[in-house]
Every structure is written in C-alpha cells, then in structure tokens.
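[1] Sequence and predicted model, in that order:
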Amino acid sequence: MAQMKFPSREIVERIREQYPAGTKVELVSMNDPYRDMPPGLKGTVKSVDDTGTVFVNWENGSGLGVVYGEDKIRKL
C-alpha cells in the first residue's frame, strides 16, 4: 500500500495564502472516479485544512476538497 505524504507546514501556509476563503477557482483536474467533477467546474474556496486540502463550494452543490498533489485548481 502506498504511503500518503502530506505537505510541509510551509507549503500549507503558502496554499492558505494563495487560496483564502472567498477565492473563486476553476477545477483543472480531479483524481476521483466516483464523483462527477468535470474540468472547468467553478466554485468558491471555503477553507484549507492542515493537510493542504482546499475545500470548495462547487457550482454543482459538492463541497469536495481539492487534495494537494493529486487534484488541480486555478484562481479565477
């Protein structure tokens, strides 16, 4: 089984600075075959947790988090 690697505290702080609550984002890619999260989906950042996951209120009603190192978003 692959071991999960979490980002350093410095990286998490950088993510928090880049994506403060209220930031508008667009999904570039999400590695989750069980969710309908198409590229181009837009949303608003709710928070960033201690693992660097960016939680977003997506236009499709989802609150799914963007996992550091797995998924990609961009600021609008």
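    Noted; the coordinates are in hand.
[2] Val66 bridge partners, please.
    Val54 (DSSP bridges).
[3] burial count for it?
    25 (other CB atoms under 10 Å). All C-beta spots, glycine's among them, are computed from the backbone N, C-alpha and C.
[4] For it, give me its contacts.
    Residues near Val66 by CB atoms under 8 Å, 6 or more residues apart in numbering: Val25, Leu27, Met30, Thr53, Val54, Phe55, Val56, Lys72, Ile73.
[5] and the residue nearest to the fourth one when sequence neighbours are not counted, how far is that from Met30?
    Closest residue in space to Thr53, ignoring its immediate chain neighbours: Gly65 at 4.1 Å, by CB to CB, 6 or more residues apart in numbering. Per CB to CB, to the nearest Å, Gly65 is found 10 Å from Met30.
[6] Mutual contacts of these two, please.
    In contact with both Gly65 and Met30: no residue, using CB under 8 Å, 6+ apart.
[7] where along the chain do the helices fall?
    Taking DSSP state H as the test, the helices found in the chain are 9-18.
[8] which residues in it form strands?
    Listed in chain order, the strands of the chain (DSSP state E) span 24-29, 42-48, 54-58, 65-66, 72-75.
[9] for the last one, packing partners?
    Think strand 72-75. strand 24-29 (3 or more CB pairs under 8 Å, 6 or more residues apart in numbering; DSSP states H and E).
[10] Just give the strands next to the strand it packs on in its sheet, each with its orientation.
    strand 42-48 (antiparallel), strand 72-75 (antiparallel).
[11] who touches Phe55 in this structure?
    Contact partners of Phe55, counting by CB under 8 Å, 6+ apart, are Val45, Lys46, Ser47, Val48, Asp49, Gly63, Leu64, Gly65, Val66.
[12] if I look at the most centrally placed residue in the chain, how far off is Ser29?
    Centroid check for the chain by CA atoms, centre = their mean gives Val66 as the closest residue, at 2.3 Å. Distance of Val66 to Ser29, computed by CB to CB: 10 Å.
[13] Quickly list what's touching both of those two.
    Lys72.
[14] Number of residues surrounding Asp71?
    Per other CB under 10 Å, the neighbour tally for Asp71 reads 18.
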